[in-house]
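S.K.: Next come a sequence and a model predicted from it.
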Amino acid sequence: MSTRAGGVSQGAHASMNIGRAVEDDPAAVAENRAIVSRALGASAIFMPQVHGVEVLRLRPEHAEPGATIPAADASVSTDPALGVAIQVADCLPVLFAAPAGVGGAHAGWRGLAGGVLENTVAALMEAAQCRAADIHAWLGACIGPAAFEVGADVLQAFGVEPSEAGAEFFVYRPNAAGEPRWRADLAGLARRRLQALGLAGIGGGHWCTVSEPSRFFSYRRERLGGRMVAAISLR
């Protein structure tokens with residue numbers, strides 16, 4: 001997973017911004033994405049992400065110059081030449097490794113509640129002809145539980161009623177106006193879902209993008225700042 005460092009962007013996007021929709025110099029973004037591909041040893045395939053649950057199976061045509069990549073929030077690859085690339089600023093990136101394939105998912109609360117992780121594991125099992133018990137998952141940096149303020153709609157999306165005191169992964173903390181708000185543990189919610197799938201191992205998920213401004217970009221902290229990437233390829 002990238003941090004702010006190591007790229008060529010300037011100003012608010014310094015220096016490793018890989019996002020095209022944040023008013024950065026397009027040439028700088030292209031070079032930063034090329035840096036990612038060189039580090040992977042594969043063409044990093046960036047998708048238009050829409051906070052959904054669709055999974056894209058990467059194919060050689062996706063790496064062709066000027067290719068139109070379908071909108072999706074996850075992808076899987078069984079081709080060592082095609083790398084999975086997940087853009088993030090506060091949402092959770094989850095990478096998956098199997099013996100014959102890799103995958104990645106963009107898991108904000110909407111996608112997570114909708115089943116993007118489950119869909120990605122199912123797609124990787126089919127593409128790589130493996131079992132869930134053959135897959136390892138790694139959680140990257142995301143907004144941490146001390147910073148992720150949510151409303152009742154988010155609790156309800158995960159099947160939690162706002163009236164439940166001490167709900168797991170949600171801490172009740174009204175805002176300054178006394179309105180009901182909760183602090184949500186996005187990585188914890190993801191880890192619980194992954195554990196239910198019976199994966200071989202789950203790691204990561206211990207870094208907060210909001211609380212480390214010198215290390216990570218954060219959409220909540222700086223909306224027109226940069227975007228990071230979590231990427232993986234098959235050796």
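M.R.: That came in fine, so what should we check first?

S.K.: use CA for all of it now, contacts and neighbours both
M.R.: Will do.

S.K.: Strands along the protein, start to end?
M.R.: 43-46, 55-57, 74-77, 82-88, 92-98, 101-107, 136-139, 149-150, 170-172, 182-184, 201-204, 228-232 (DSSP state E).

S.K.: Those into CSV, with extra columns for mean neighbour count and mean pLDDT?
M.R.: CSV is the format used below for the strands of the chain (neighbours: other C-alpha atoms under 10 Å; pLDDT from 0 to 100):
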stretch, mean neighbour count, mean pLDDT
strand 43-46, 23, 98
strand 55-57, 21, 98
strand 74-77, 30, 98
strand 82-88, 28, 98
strand 92-98, 27, 98
strand 101-107, 30, 99
strand 136-139, 21, 98
strand 149-150, 19, 96
strand 170-172, 21, 93
strand 182-184, 23, 95
strand 201-204, 15, 98
strand 228-232, 26, 98
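
S.K.: thought A89 was touching R221?
M.R.: No. Contact between A89 and R221 fails when scored by C-alpha atoms under 8 Å: they sit 9.7 Å apart.

S.K.: Who has more neighbours out of the two?
M.R.: Each of A89 and R221 has its neighbours counted (other C-alpha atoms under 10 Å); A89 has more, 25 against 14.

S.K.: contacting residues for that one?
M.R.: A89 is in contact with C142, T209, F216, F217, S218, Y219, G226, R227, M228, counting by C-alpha atoms under 8 Å, 6 or more residues apart in numbering.

S.K.: What of D24?
M.R.: Shown in contact with D24 (C-alpha under 8 Å, 6+ apart): S9, H13.

S.K.: So which residue is smack in the middle of the chain?
M.R.: Nearest to the geometric centre of the chain sits P93, at 2.1 Å (C-alpha atoms, centre = their mean).

S.K.: what's around G188, how many residues?
M.R.: Per other C-alpha under 10 Å, the neighbour tally for G188 reads 17.

S.K.: E168 now?
M.R.: Residues lying near E168 (other C-alpha under 10 Å) number 12.

S.K.: same deal with R220?
M.R.: For R220, using other C-alpha under 10 Å, the count is 15.

S.K.: Distance check, it against G101.
M.R.: Separation of R220 from G101 (C-alpha to C-alpha, to the nearest Å) stands at 33 Å.

S.K.: before we move on, what about G188?
M.R.: Distance, G188 to G101, by C-alpha to C-alpha: 25 Å.

S.K.: Now go through the contacts of A89 and say which are in helices.
M.R.: Applying DSSP state H to these, no entry is found in helices.

S.K.: circling back: same list, the strands of the chain, but as a markdown table with distance to M125 please.
M.R.: Shown next, in a markdown table, are the strands of the chain (distance: least, C-alpha to C-alpha, whole Å):
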| stretch | distance to M125 |
| --- | --- |
| strand 43-46 | 20 |
| strand 55-57 | 12 |
| strand 74-77 | 10 |
| strand 82-88 | 16 |
| strand 92-98 | 8 |
| strand 101-107 | 9 |
| strand 136-139 | 12 |
| strand 149-150 | 33 |
| strand 170-172 | 31 |
| strand 182-184 | 30 |
| strand 201-204 | 15 |
| strand 228-232 | 16 |
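
S.K.: closest to S163 out of the ones you listed?
M.R.: Closest to S163 of the strands of the chain is strand 170-172 (C-alpha to C-alpha; 10.0 Å).
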